[in-house]
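A.B. asks: Here is a sequence with its predicted model. Questions after.
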Amino acid sequence: MKELLAQGLGDAVGFVVGALLGFFAGQWLGCDVFDAGYSARSMVGIALVGLGGGLGLQAARRWLHGKPSEANTP
């Protein structure tokens, strides 16, 4: 149960942090996610948020699975 909670929280934190990094990268590049309509800049901003969220999720999973679990220690 404790591993499932850690995995769920790790996934959530990784996704949110990655999505925020993607959002701020888009802002830095001038791509506003909340721009009116679906302009090319808005679509690039949305893609950066999605890409950042996915990469953050994968990074959190790799970090969590890279740590030795209590069951594997002698």
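C.D. replies: Received, thanks. Numbering: from 1, shown residues only.

A.B. asks: Please tell me how far residue 5 sits from residue 44.
C.D. replies: Applying C-beta to C-beta, to the nearest Å, the value for residue 5 to residue 44 is 36 Å. Where you see a C-beta, it was placed from the backbone N, CA and C, and this is true even at glycine.

A.B. asks: actually residue 4, sorry about that
C.D. replies: Per C-beta to C-beta, residue 4 is found 36 Å from residue 44.

A.B. asks: Compare those two (neighbour count), which wins?
C.D. replies: In this view residue 4 and residue 44 are compared by other C-beta atoms under 10 Å, and residue 44 has more residues nearby, 16 against 8.

A.B. asks: Tell me who's in contact with the more buried one.
C.D. replies: By C-beta atoms under 8 Å, 6 or more residues apart in numbering, the contact list for residue 44 reads 26, 29, 31.

A.B. asks: looking at it, residue 50 is touching residue 18, isn't it?
C.D. replies: No - Residue 50 lies out of contact with residue 18 (C-beta atoms under 8 Å); the separation is 9.6 Å.

A.B. asks: Show me which of those two is the more surrounded one.
C.D. replies: residue 18 (22 against 13).

A.B. asks: pLDDT value on that one, please?
C.D. replies: With respect to pLDDT, residue 18 has a value of 95.

A.B. asks: ok, it touching residue 53?
C.D. replies: Yes - taking C-beta under 8 Å as the definition, residue 18 is a contact partner of residue 53 at 4.9 Å.

A.B. asks: Against which helices or strands is the helix or strand hosting residue 16 packed?
C.D. replies: Take DSSP states H and E as the rule and residue 16 turns out to sit in helix 2-29. Contacts defined by 3 or more C-beta pairs under 8 Å, 6 or more residues apart in numbering; DSSP states H and E place helix 2-29 against helix 40-66.

A.B. asks: In the helix it packs on, which residues are buried?
C.D. replies: 42, 44-46, 48-49, 51-53, 55-57, 60, 64 (16 or more other C-beta atoms under 10 Å).
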